[in-house]
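Colleague: Give me a 3D structure for the following:
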Amino acid sequence: MTHDMQAGGRLRAGLGFALLSASSFGLSGPMARGLMDAGWSSGAAVAVRVLLAAVVLTPIALVQLRGRWRPVRRTAPLITAYGLVAVAGCQLAFFNAVAHMEVGVALLVEYTAPVAVVGWLWLRRGQRPGRLTVLGALLGLIGLLLVLDVVSGARASAVGIMWALGAMAGAAVYFVLSARDEDGLPGTVLAAGGLLLGGVALLVAGAVGIVPLAVSTEPVAFDGVTVAWWLPLLVLGVVTAALAYVAGIAATRRLGSRLASFVALTEVLAALVFAWLLLGEAPGGIQLVGGVLILGGVVAVRLGEPRS
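Modeller: Residues are numbered from 1 along each chain as shown. Here you go, the predicted model:
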């Protein structure tokens, strides 16, 4: 009974962290959209967002370490892979994808990451997906098609698809690496180190011309309100990066990479809600149906998870 209560508490905490992470990530799109309309390039907005998050999390990480650097040295490859692949690599691939194709199609390809996670766990660890997991994957993908509204008139290029698949791989790596807690590395330390390395990598990519870096101090306009440029940037760094990554790691370590990756699909729903509130872009009925299908997919995957 005690074990069941502990497992239930762990599940509830994991779902809470996962929804917090998805909501925080979902806010990034509308915030970044406001900055880009004011003259910021997407690469500059994300680079500053990631580095600001690293600045916020580093003092917390240092307090958690208390001078014990052995876990950091032992997990240096993990932190490096997290920063270069899950943070910088995923962002760079997505930017290059949207340069060749519509944003909705690029998002659709990137958000097939849960399917990649299921495949990885099957091939690498022998965790064969059950019928409910497969059903959840199908419901989630159909829901994404409807929410992103890419069924009709969508155009894509082979180059764009390849970059989008790279973004999908980066997102899958994020979930797989975030689930690793056997090395005793605090989640905040992993997030701080990864964000710092990822931010530096994005700046290097900008310096060599891979990602355009343009900034502006013009006021940022949202639906019915105009704010100073630094306010949405602060929200991007603290809420949509620092909070989102730490909560995402906490969720994945409690739920496992498979279930956490499917719950993360609710980020698309959060992005729709925030776009409605901040940009006046109201979702259509077909998108609401897609949202219901996504939630149904998450429930199916949860029911298909092995009981511990």
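
Colleague: Which residue ranges of the stretch 1-150 of the chain form helices?
Modeller: Assigned by DSSP state H, counting those that start in this stretch, the helices in the stretch 1-150 of the chain fall at 2-37, 42-65, 70-74, 76-81, 90-98, 103-110, 113-125, 131-148.

Colleague: Figure out which of those is closest to Val215.
Modeller: Distances from Val215 to each of those were compared using Cβ to Cβ; the shortest belongs to helix 42-65, at 5.2 Å. (Each C-beta comes from the backbone N, C-alpha and C, glycine too.)

Colleague: List the buried residues of the closest one.
Modeller: Of the residues in helix 42-65, 42-54, 56-58, 60-61, 65 count as buried by neighbour count, 16 or more other Cβ atoms under 10 Å.

Colleague: Check which helices and strands that helix sits against.
Modeller: For helix 42-65, the contact count by 3 or more Cβ pairs under 8 Å, 6 or more residues apart in numbering; DSSP states H and E identifies helix 2-37, helix 90-98, helix 187-207, helix 230-237, helix 244-255 as packing neighbours.

Colleague: Now the first one: average pLDDT?
Modeller: Spelled out, that is helix 2-37. Averaged across helix 2-37, pLDDT comes to 82.

Colleague: mind listing what Val85 touches?
Modeller: Neighbouring residues of Val85 by Cβ atoms under 8 Å, 6 or more residues apart in numbering: Ala169, Gly170, Val173.

Colleague: Tell me the one of these nearest Val204?
Modeller: Distances from Val204 to the contacts of Val85, taken by Cβ to Cβ, are shortest for Gly170, at 16.8 Å.

Colleague: Show me the beta-bridge partners of Thr226.
Modeller: Here Thr226 shows beta-bridge partners Ala221, assigned using DSSP bridges.

Colleague: still on that earlier bit, what's the closest of the helices of the stretch 1-150 of the chain to Ser257?
Modeller: Closest approach to Ser257 among these (Cβ to Cβ): helix 113-125, 5.3 Å.

Colleague: circling back: indicate which one of the helices of the stretch 1-150 of the chain is closest to Leu185.
Modeller: Proximity of the helices of the stretch 1-150 of the chain to Leu185 was assessed by Cβ to Cβ; the nearest stretch is helix 70-74, lying at 5.0 Å.

Colleague: Now tell me what touches that closest one from outside.
Modeller: Everything outside helix 70-74 that qualifies as a contact, by Cβ under 8 Å, 6+ apart, is Leu65, Ile79, Asp183, Gly184, Leu185, Pro186, Val189, Gly193.

Colleague: burial measure for the fourth one, as a count.
Modeller: Here the neighbour count serves as a burial measure; for Gly184 (other Cβ atoms under 10 Å) it reads 10.

Colleague: sec struct for it, please.
Modeller: Under the three-state scheme (DSSP: H, G, I helix; E, B strand; the rest coil), Gly184 adopts coil.

Colleague: Could you check how far it is from Arg74?
Modeller: 8 Å (Cβ to Cβ, to the nearest Å).

Colleague: Tabulate the helices of the stretch 1-150 of the chain in CSV, adding columns for distance to Val289.
Modeller: Written out in CSV, the entries for the helices of the stretch 1-150 of the chain read as follows (distance: least, Cβ to Cβ, whole Å):
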stretch, distance to Val289
helix 2-37, 19
helix 42-65, 30
helix 70-74, 46
helix 76-81, 38
helix 90-98, 25
helix 103-110, 16
helix 113-125, 20
helix 131-148, 6
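
Colleague: Tell me which of those sits nearest to Gly280.
Modeller: Taking Cβ to Cβ as the criterion, helix 2-37 is the member of the helices of the stretch 1-150 of the chain that comes nearest to Gly280, at 10.3 Å.

Colleague: any idea of the angle that closest one forms with helix 244-255?
Modeller: Between helix 2-37 and helix 244-255, the angle formed by their directions is 160 degrees, by axes from the mean of the first three to the mean of the last three Cα atoms, to 10 degrees.

Colleague: counting contacts, what elements does helix 2-37 pack onto?
Modeller: Under the contact rule (3+ Cβ pairs under 8 Å, 6+ apart), helix 2-37 is packed against helix 42-65, strand 220-222, helix 230-237, helix 244-255, helix 257-263, helix 266-279.
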